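> The following comprises the amino acid sequence and a computationally predicted model.
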Amino acid sequence: MKDKFFKYIHELQDQITTALERVDGKATFQEDLWERPEGGGGRTRVIENGNVFEKGGVNISGVHGKLPDSMQKYFGVEDADFFACGLSLVLHPTNPMVPTVHANWRYFEMYDKDGNIVDQWFGGGQDLTPYYLFEEDAKHFHQVSKTACDAHNPEFYTKYKARCDDYFYNSHRNEGRGIGGLFFDYCKASEEMTMENWYDFVTEVGDSFVEAYVPIAEKRKDLPYTDAQRKWQEIRRGRYVEFNLVHDKGTLFGLKTNGRIESILMSLPPHVQWVYDHNPEPGSEEAKLVDVLQNPIAWI
């Protein structure tokens, strides 16, 4: 399974970066191959200072070796080895009318001292973080995500949409990071779903990403915006940074397993503001967004 999924994320990275370069029309992805001393490595691709994308990355990795003590304690195991691979992407557009987007699809195996698999699972999802709320964009993103889920289980979308709202939540701010999408983790074999079934589901969601995001970026990338709207974008980016550094499990896993720091922190935007006690004007478009972040809704 690990070889099959590792091959898949290599192909998916090519598909996504090609589509994003076409949307941007100027910048291309810089590729950086890296190795992890303890085992494994990855292929980082970063785009910067383009017509559309101020900064973004589409990264794949496959790492293995001894599970760090902190992670063994977390999983309640001793003397365990692991293999983990996945694709993680974050895109920060220049135009505040274009939303930031994040996605991740991953696979994990854990082994005993004899090399036998003792646990394995899939995880991942995709979520949208707008700065200005276009309801048709939100509905499009969620509908594409629902269609991918419905091909495997009619209950998946509702279940994983709710988990996304719960997970991507800045509890110290009492608001969501964005308007959600899908989030699933620890997807293991059961009577209802084999690991092959989970592979089919996760890859269907991965294959849906371009359809979910690219039409939104193309529709909004040339809209005019003001300096004040750009400032609002940078303030909201600060909330994005707060979540990734305070709450995100993937960031913490990468740091605790000696992952490549440049790839782990690739998700952070280049220009951010923290304005003391900032609140949007009541009734404004900015306030409309915050209201939805504080009170998630059903988009479809």
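Arrived safely.
> hey, where'd the helices end up in the stretch 51-200 of the chain?
69-75, 135-150, 156-167, 195-220 (DSSP state H, counting those that start in this stretch).
> What is the burial count for the closest residue to D24 other than its chain neighbours?
In this structure, D24 finds its nearest non-sequential neighbour in G50, 4.0 Å apart by Cβ to Cβ, 6 or more residues apart in numbering. Yep, even glycine has a C-beta here, placed from its N, CA and C like the rest. G50 has 20 neighbouring residues, counting by other Cβ atoms under 10 Å.
> G50 belongs to a helix?
No - counting by DSSP: H, G, I helix; E, B strand; the rest coil, one finds G50 to be coil, located in no helix.
> Phi first, then psi, for P269.
Dihedral pair for P269: phi -70, psi 160, per degrees, to the nearest 10.
> cool, and the one 5 residues further on?
Torsion angles at W274 (phi, psi; degrees, to the nearest 10) stand at phi -120, psi 110.
> residues in contact with it?
Shown in contact with W274 (Cβ atoms under 8 Å, 6 or more residues apart in numbering): 235, 238.
> any idea how far it is from L33?
W274 sits 35 Å away from L33, going by Cβ to Cβ, to the nearest Å.
> swap in Q120?
Distance, Q120 to L33, using Cβ to Cβ: 26 Å.
> same thing with K249?
Taking Cβ to Cβ, one finds K249 at 26 Å from L33.
> So between the two, which is more surrounded?
Remark: of K249 and L33, K249 carries more neighbours, 11 against 8, as counted by other Cβ under 10 Å.
> ok, that one to Y186 distance?
As defined by Cβ to Cβ, K249 lies at a distance of 11 Å from Y186.
> Same check on K26?
For K26, the distance to Y186 - Cβ to Cβ - is 40 Å.
> so where do the strands sit in the stretch 1-150 of the chain?
For the stretch 1-150 of the chain, the strands defined by DSSP state E, counting those that start in this stretch occupy 30-35, 40-48, 53-66, 81-93, 100-111, 117-129.
> Ok, which of those strands comes nearest V144?
strand 117-129 (9.1 Å; Cβ to Cβ).
> Any buried residues in that closest one, and which?
Buried positions in strand 117-129, judged by neighbour count with 16 or more other Cβ atoms under 10 Å: 120-129.
> quick one on the thing from earlier: mind putting the strands of the stretch 1-150 of the chain in a markdown table, distance to D227 and mean pLDDT included?
What follows is those, written out as a markdown table (distance: least, Cβ to Cβ, whole Å; pLDDT from 0 to 100):
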| stretch | distance to D227 | mean pLDDT |
| --- | --- | --- |
| strand 30-35 | 29 | 94 |
| strand 40-48 | 22 | 96 |
| strand 53-66 | 15 | 96 |
| strand 81-93 | 16 | 96 |
| strand 100-111 | 19 | 97 |
| strand 117-129 | 21 | 96 |
